[in-house]
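S.K.: Provide a 3D model corresponding to the input given below.
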Amino acid sequence: MSESIMATDTRLVARVSTDIQEMVQRAADYSGSTLSQFLIEAAMEKARDVIERTETLHLSMAGADALFAALENPPKANDKLRKAAQRYKETVNANNH
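M.R.: Below is the predicted model:
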């Protein structure tokens, strides 16, 4: 491997009670994973969920801010918008008669 592609491994350490360790080990055994694999997969899944929820909320808030700004200061209608509105009115009126 080239130096730019090589990944650096780091260690995660957590102290837990014997009961927790036994429960997690049992779950790892049931899933056919090593304890380390099981912990990493569980941590990654939780991390993805937290990141997705957090970033979705931030994007939603940014979208809401943009919507409110547009409602408070709407852009002026241009020719394309006026023509689209006219076509819509004609279609709605034609379908209602």
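S.K.: how near is the most centrally placed residue in the chain to residue 24?
M.R.: Centroid-nearest residue in the chain: residue 52, 2.9 Å away (criterion: CA atoms, centre = their mean). To residue 24, residue 52 is 24 Å away according to CB to CB, to the nearest Å. Quick note: C-beta positions are derived from backbone N, CA and C, even for glycine.
S.K.: same thing with residue 45?
M.R.: 14 Å.
S.K.: Same drill for these two, tell me which one is more crowded.
M.R.: residue 24 (15 against 10; other CB atoms under 10 Å).
S.K.: Tell me which residues touch the more buried one, please.
M.R.: 16, 35, 38-39 (CB atoms under 8 Å, 6 or more residues apart in numbering).
S.K.: Next one, pLDDT for residue 83 please.
M.R.: Turning to residue 83, the model gives it a pLDDT of 95.
S.K.: quick one, phi psi at it?
M.R.: When read as degrees, to the nearest 10, the backbone of residue 83 gives phi -70, psi -40.
S.K.: now the one 5 residues further on
M.R.: The phi and psi values for residue 88, taken as degrees, to the nearest 10, are phi -60, psi -50.
S.K.: can you check residue 9 too?
M.R.: Torsion angles, degrees, to the nearest 10, at residue 9: phi -90, psi 140.
S.K.: Could you check how far it is from residue 72?
M.R.: In terms of CB to CB, residue 9 sits 52 Å off from residue 72.
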